[in-house]
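Chemist: turn this into a structure:
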Amino acid sequence: MTSIDVQELTKEYGTTRAVDRLTFSVRPGRVTGFLGPNGAGKSTTMRLVLGLDRPTSGTATVGGRIYAEYDEPLRHVGALLDAQATHGSRTARDHLRALAASNRIPTRRVDEVLEEAGIAKVASRRIKTYSLGMRQRLGIAAALLGDPSVLLLDEPSNGLDPEGIIWIRELTRRLAGQGRTVLVSSHLMNETASYADHLVVLGRGRLLADTPMRDFIDSRIQPKVRLRTTEGNRLRALLLGQGFDPVQDVDGRWIVAGARVEDIGPIAVREGIPVLELATEEATLEQAYLDLTADETEFESGASRMSGASGAFNRSSTSGAPRAVGRSAVPRASSVSGSSGPSGSPGNADPAHHDSHTPRKTTTKEV
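Modeler: The predicted structure follows:
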């Protein structure tokens, strides 16, 4: 079984602790969403897993081995960290051929991943002519090149058009369905909710949650039921007697916090109250995420501070201060997209690469 295992991982840059004693595992056969505000330590953790930075203490292994110990790493681990870091004067095909040669990967795989990524028709163009979305597709093609059992993707949907976003969603689900280990970092909550099975959430370098996605949402957000009836006052009186406090919305519907459909339906049937609508108000991943990370955001806009994002949602009785949910050397050739040399060796491991520093440029559009 090939998994990513992080144990007591810590990384300090001078007096700044970017990663603070992290412990979690990413298991095969499921997509694990890697979430956290800017500066939470997500990109730094990925770099530590890939040997691009050295930990101050603790370990990060893939399949029980440090990444640098793999002789042909692209055959084991594929990664996309920065799609902009490719050699612009090369063609996409030559870029992938160089990576393939350095890891003794059959040349036929180059055409296969170009086709998979949807850029086969432009593979002979120089990378510097590519849009952001096209470079992103090339980076994903590079991650898939060695047919690895482990994938680490940092913001894979960045710059992609709607078709590309759907492709990423289906690709990650398909790879996990094949028994691979898939870790995807993203700030797009709705998109993460569409493909993730499990979540690892960081805040200020610390582990806040390591739990199945559904459990994460249910533990943070109180359930609600929405209903319409011609006998609202009568039903309200009955529900008050059951410990619920229905509130009528401006559109005439009733909202019952802390209740589920199976709580309300039988009461209405037993008392002969006509029900025109009865549905669960589904809590979202975005609501649960903002509830958990409200006090962990390092970079916050003035509007967010004024509105108080954490108070905008119904918290469950267990919510409050953020807490852990669920449980709390350079390699020879790297699978990291955008490597600087023909062998695919990673670029420098400067601390400016971790996610509280240099932002990505998004000045081009996909064509």
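
Chemist: all the helices of the stretch 51-200 of the chain, in order from the start?
Modeler: Listed in chain order, the helices of the stretch 51-200 of the chain (DSSP state H, counting those that start in this stretch) span 92-102, 108-117, 132-144, 162-177, 189-195.

Chemist: worst average pLDDT in these?
Modeler: Lowest mean pLDDT within the helices of the stretch 51-200 of the chain: helix 189-195, a mean of 92.

Chemist: which outside residues touch it?
Modeler: 31, 33, 35, 157, 165, 169, 172-173, 184, 186, 199, 213, 284-286, 289 (C-beta atoms under 8 Å, 6 or more residues apart in numbering). Placement of C-beta: from N, CA and C, glycine included.

Chemist: for Val256, give me its contacts.
Modeler: Neighbour list for Val256: Lys224, Val225, Arg226, Leu227, Leu239, Phe244, Asp245, Pro246, Val247, Asp263, Ile264 [criterion: C-beta under 8 Å, 6+ apart].

Chemist: sheet partners, orientation included, of the host helix or strand of it?
Modeler: Taking DSSP states H and E as the criterion, Val256 maps to strand 254-257. The strands beside strand 254-257 in its sheet (DSSP bridges) come out as strand 224-229 (antiparallel), strand 247-248 (antiparallel).

Chemist: would you reformat the ones you listed as CSV and include mean pLDDT and mean neighbour count?
Modeler: CSV is the format used below for those (pLDDT from 0 to 100; neighbours: other C-beta atoms under 10 Å):
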stretch, mean pLDDT, mean neighbour count
strand 224-229, 93, 20
strand 247-248, 92, 12
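
Chemist: TSV for those strands, including distance to Ala18?
Modeler: Output for the strands paired with strand 254-257, formatted as TSV (distance: least, C-beta to C-beta, whole Å):
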stretch	distance to Ala18
strand 224-229	38
strand 247-248	44
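
Chemist: to Leu276, which of the ones you listed lies closest?
Modeler: Of all these, strand 224-229 sits nearest to Leu276, with 4.2 Å by C-beta to C-beta.

Chemist: the helix or strand following that closest one - contacts with which helices or strands?
Modeler: Next helix or strand after strand 224-229 toward the C-terminus (DSSP H and E): helix 232-241. In terms of contacts (3 or more C-beta pairs under 8 Å, 6 or more residues apart in numbering; DSSP states H and E), helix 232-241 is packed against strand 254-257, helix 261-271.

Chemist: nearest to Val150, of these?
Modeler: Using C-beta to C-beta, these put helix 261-271 closest to Val150, at 40.4 Å.

Chemist: just the buried positions in that closest one, please.
Modeler: For helix 261-271, burial by neighbour count (16 or more other C-beta atoms under 10 Å) applies to Asp263, Ile264, Ile267, Ala268.

Chemist: distance to Ile105 and pLDDT for the residues you listed - can I get that in TSV?
Modeler: Shown next, in TSV, are the buried residues of helix 261-271 (distance: C-beta to C-beta, whole Å; pLDDT from 0 to 100):
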residue	distance to Ile105	pLDDT
Asp263	57	91
Ile264	58	93
Ile267	63	93
Ala268	63	93
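
Chemist: looking at those residues, which is nearest Leu22?
Modeler: Asp263 (39.2 Å).

Chemist: next up, the contacts around the closest one.
Modeler: By C-beta under 8 Å, 6+ apart, the residues touching Asp263 are Val225, Gln242, Phe244, Val256.

Chemist: and the gap between the second one and Arg270?
Modeler: Which is Gln242. Separation of Gln242 from Arg270 (C-beta to C-beta, to the nearest Å): 11 Å.

Chemist: the first one now?
Modeler: In this view, Val225 and Arg270 are 16 Å apart by C-beta to C-beta.

Chemist: to Phe24, which of the strands paired with strand 254-257 lies closest?
Modeler: Nearest of those to Phe24, taken as C-beta to C-beta: strand 224-229 at 30.9 Å.

Chemist: that closest one: how far from the chain's middle?
Modeler: Distance of strand 224-229 from its chain centroid, counting by C-alpha atoms, centre = their mean, to the nearest Å, is 33 Å.

Chemist: now do stretch 152-168
Modeler: Its chain's average C-alpha position is 11 Å from that of stretch 152-168, according to C-alpha atoms, centre = their mean.

Chemist: flag every buried residue along it.
Modeler: Buried residues in stretch 152-168, counting neighbours by 16+ other C-beta under 10 Å, are found at 152-160, 164-165, 167-168.

Chemist: need the residues you listed in TSV with distance to Ser89, can you?
Modeler: Compiled in TSV, these are given as follows (distance: C-beta to C-beta, whole Å):
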residue	distance to Ser89
Leu152	27
Leu153	26
Asp154	25
Glu155	25
Pro156	25
Ser157	27
Asn158	23
Gly159	21
Leu160	24
Gly164	25
Ile165	29
Trp167	27
Ile168	27
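
Chemist: closest one to Glu116 out of the residues you listed, please.
Modeler: Closest to Glu116, out of all of the buried residues of stretch 152-168 and judged by C-beta to C-beta, is Trp167, at 9.0 Å.

Chemist: what ranges do the strands span in the protein?
Modeler: Using DSSP state E, the strands found in the chain span residues 4-13, 16-26, 30-35, 57-62, 77-80, 150-154, 181-185, 198-203, 206-212, 224-229, 247-248, 254-257, 275-281.
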